[in-house]
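A.B. asks: Okay, here's the prediction I keep looking at, along with the sequence it came from:
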Amino acid sequence: MKRLQQMYLTATLALFSLISPAFGQSTVNGVVTDITTATESPITVTGNDSSGRIGGTLIEHSSANGAFTDITTATASPVTVLGNGSSGRIGGDLIQHSTVNGAVTSIATVTASTVTVTGNGSYGTIGGALIQGSKVNGTVTDITTATASPVTIVGNGATASIGGTFVQNSSVNGAVTNITTATASPLAVLGNGSSAIVGGSIGK
């Protein structure tokens, strides 16, 4: 695994991730660059608050302003999450309570790396940008390329996505760009909250 800069996110009870930016309470004004290359590096998380991710940008309570770039390359590196809080992601941006004024770039290239989430809170994502509380103003770019990398969710809260841009409570004045290329990467969601998304933009 190559790292230009590494930061760790610590969560309660169960979290296992391969290095990527994670800023918890947040405020990031300058340049942060992370490159994660995972080959034959599976992640399995069983129960309780869960999670399980390879690369990606996760910021949480937010405010950003400047550039931070994450490039994630995962090959034959499945992520499996069994029960409770759930999650399971490879690459992508997730910012949450938000305010992003400048560039955020995440590029995820995922090959033969399945994401499987069974039960409870669910999710299961490869790439994509999700911003939530929102206000953006500037550039957020995510490019997701998934090959032979299915995402499977079984039961409860559910969701399964490859790429795509989701902003939610919203207010976006500038560019948000997502490019998704998915090949032989099916999504399967079985029961409960459901959902399955490949690419696309949702504002709400």
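C.D. replies: Received it, and whenever you're ready, just let me know what you need. Not measured: the values here are computed from a predicted model.
A.B. asks: Can you pull out the low-pLDDT segments for this structure?
C.D. replies: 1-24, 26, 201-204 (pLDDT under 70).
A.B. asks: Not counting sequence-adjacent ones, nearest residue to the residue of it positioned farthest from its centre?
C.D. replies: Residue farthest from the centre of the chain, counting by Cα atoms, centre = their mean, is residue 173 at 22.9 Å. Distances taken as Cβ to Cβ, 6 or more residues apart in numbering place residue 137 nearest to residue 173, at 4.8 Å, with adjacent residues excluded. C-beta coordinates here come from the backbone N, C-alpha and C atoms, glycine included.
A.B. asks: does the one you found really touch residue 176, like I thought?
C.D. replies: No - the criterion here is Cβ atoms under 8 Å, and residue 137 misses it with residue 176 at 10.2 Å.
A.B. asks: Show me which of those two is the more surrounded one.
C.D. replies: Neighbour count, other Cβ atoms under 10 Å: between residue 137 and residue 176, residue 176 has more, with 21 against 15.
A.B. asks: hang on, that one packs against residue 138?
C.D. replies: No - counting by Cβ under 8 Å, no contact exists between residue 176 and residue 138, whose distance comes to 9.1 Å.
A.B. asks: tell me the contacts of the spatially most central residue of the chain?
C.D. replies: What sits nearest the mean C-alpha location of the chain, by Cα atoms, centre = their mean, is residue 92, with 3.8 Å. When contacts are counted by Cβ atoms under 8 Å, 6 or more residues apart in numbering, residue 92 touches 56, 57, 106, 108, 125, 126, 127, 128, 129, 130, 142, 144.
A.B. asks: export these to a markdown table and tack on distance to residue 30?
C.D. replies: A markdown table is the format used below for those (distance: Cβ to Cβ, whole Å):
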| residue | distance to residue 30 |
| --- | --- |
| 56 | 19 |
| 57 | 14 |
| 106 | 17 |
| 108 | 23 |
| 125 | 27 |
| 126 | 28 |
| 127 | 24 |
| 128 | 25 |
| 129 | 20 |
| 130 | 23 |
| 142 | 20 |
| 144 | 25 |
